[in-house]
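Novice: Got a predicted structure plus its sequence, pasted below:
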Amino acid sequence: GAVVSQHPSWVICKSGTSVKIECRSLDFQATTMFWYRQFPKQSLMLMATSNEGSKATYEQGVEKDKFLINHASLTLSTLTVTSAHPEDSSFYICSASTGWSYEQYFGPGTRLTVT
Amino acid sequence: QQQVKQSPQSLIVQKGGISIINCAYENTAFDYFPWYQQFPGKGPALLIAIRPDVSEKKEGRFTISFNKSAKQFSLHIMDSQPGDSATYFCAAESGGAQKLVFGQGTRLTINP
């Protein structure tokens, strides 16, 4: 149980274009979803927290107009990287929680490369 | 005060040995301490977690030791196997914030 999927698993896009990453909780309802970014050989950095039906809460230094987060249902959250640039290339990981416990269940990650 | 400091940065252990990774925190509001295992190109997976009302938790070959007064906790991997080679992250969370604060990570290599 507690499976989280992400799609796509990897994506290459040209500079200036936008790319959408989906995060789904497959067997539970996720009241809260989190988006992280991880650069090579570094730790996970929380970008934003989203609750179903509410606006996402962004961490300090994360541009909310660049990283659009939508949490329209209890099983789906999307992260859209708008006007992507090479410095946005990274590993993006989502996680989800039921809100009943502290546990966060992580997705397999999406490798974004901006050329 | 929100930081979790993890050491060592990298660790090499012989097969069958004990791997020990340490973490320290400052925020006394933290009340949930999980450890995650991450393989290259994959998302982190929860290994084991502890709450501050117990000093030790064991699941199979993995044990968390927790020292509340010292604000430190550690992961012990007994009988380490080559398949345990991965990056390990400690983390901490306070229920009110509902946000995980991650340590810097430890790259563990188990030599056969």
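Specialist: Good, I have the coordinates.

Novice: Residues of chain A that sit close to chain B?
Specialist: A:4, A:6, A:32, A:34, A:41-44, A:46, A:49, A:91, A:93, A:95, A:97, A:102-109, A:111 (C-beta under 8 Å from any C-beta of the partner chain). In short, each C-beta sits where N, CA and C put it, glycine included.

Novice: Scan chain B for its longest strand.
Specialist: With secondary structure taken from DSSP state E, chain B has its longest strand at strand B:86-94.

Novice: Report whether it contacts chain A.
Specialist: Yes - counting by C-beta under 8 Å from any C-beta, chain A is contacted by strand B:86-94 at B:89, B:93.

Novice: Give me the buried subset of the residues of chain A next to chain B.
Specialist: A:4, A:6, A:32, A:34, A:43-44, A:46, A:49, A:91, A:93, A:95, A:97, A:102, A:104-109 (16 or more other C-beta atoms under 10 Å in any protein chain shown).

Novice: Okay, and the beta partners of the residue most central in space within chain A?
Specialist: A centroid search over chain A (C-alpha atoms, centre = their mean) returns A:Trp35, at 3.6 Å, as the residue closest to the centre. With DSSP bridges as the criterion, A:Trp35 is bridged to A:Ala48, A:Cys94.

Novice: Can you give me the neighbour number for the nearest residue to A:Val81 once chain neighbours are set aside?
Specialist: Leaving aside its chain neighbours, A:Val81 sits nearest to A:Val19 (5.2 Å; criterion: C-beta to C-beta, 6 or more residues apart in numbering or on different chains). A:Val19 is flanked by 19 other residues according to other C-beta atoms under 10 Å in any protein chain shown.

Novice: these two touch, right, A:Val19 and A:His85?
Specialist: No - assessed by C-beta atoms under 8 Å, A:Val19 is found out of contact with A:His85, at 11.6 Å.

Novice: Local confidence estimate at residue 101?
Specialist: As the question left the chain open, I've gone with chain A. Per-residue confidence (pLDDT) for A:Ser101: 77.

Novice: Switch to chain B, please.
Specialist: Reported pLDDT for B:Val101: 93.

Novice: My guess is it contacts B:Gln6. True?
Specialist: No - shown here, B:Val101 and B:Gln6 do not form a contact pair, counting by C-beta under 8 Å, at 10.9 Å.

Novice: so what pLDDT did A:Lys55 get?
Specialist: At A:Lys55, the model reports a pLDDT of 87.

Novice: residue boundaries of the strands in the chain?
Specialist: No chain specified, so I'll use chain A. A:4-7, A:10-13, A:19-25, A:32-38, A:44-51, A:57-58, A:67-73, A:76-81, A:90-97, A:105-106, A:110-114.

Novice: Hmm, no, I was thinking of chain B.
Specialist: B:4-7, B:10-14, B:19-25, B:33-38, B:45-50, B:56-59, B:62-67, B:72-77, B:86-94, B:99-102, B:106-111.

Novice: mind listing what A:Ala58 touches?
Specialist: Careful, residue A:58 is Tyr; it's not Ala. Listed by C-beta atoms under 8 Å, 6 or more residues apart in numbering or on different chains, the contact partners of A:Tyr58 are A:47-48, A:64, A:67.
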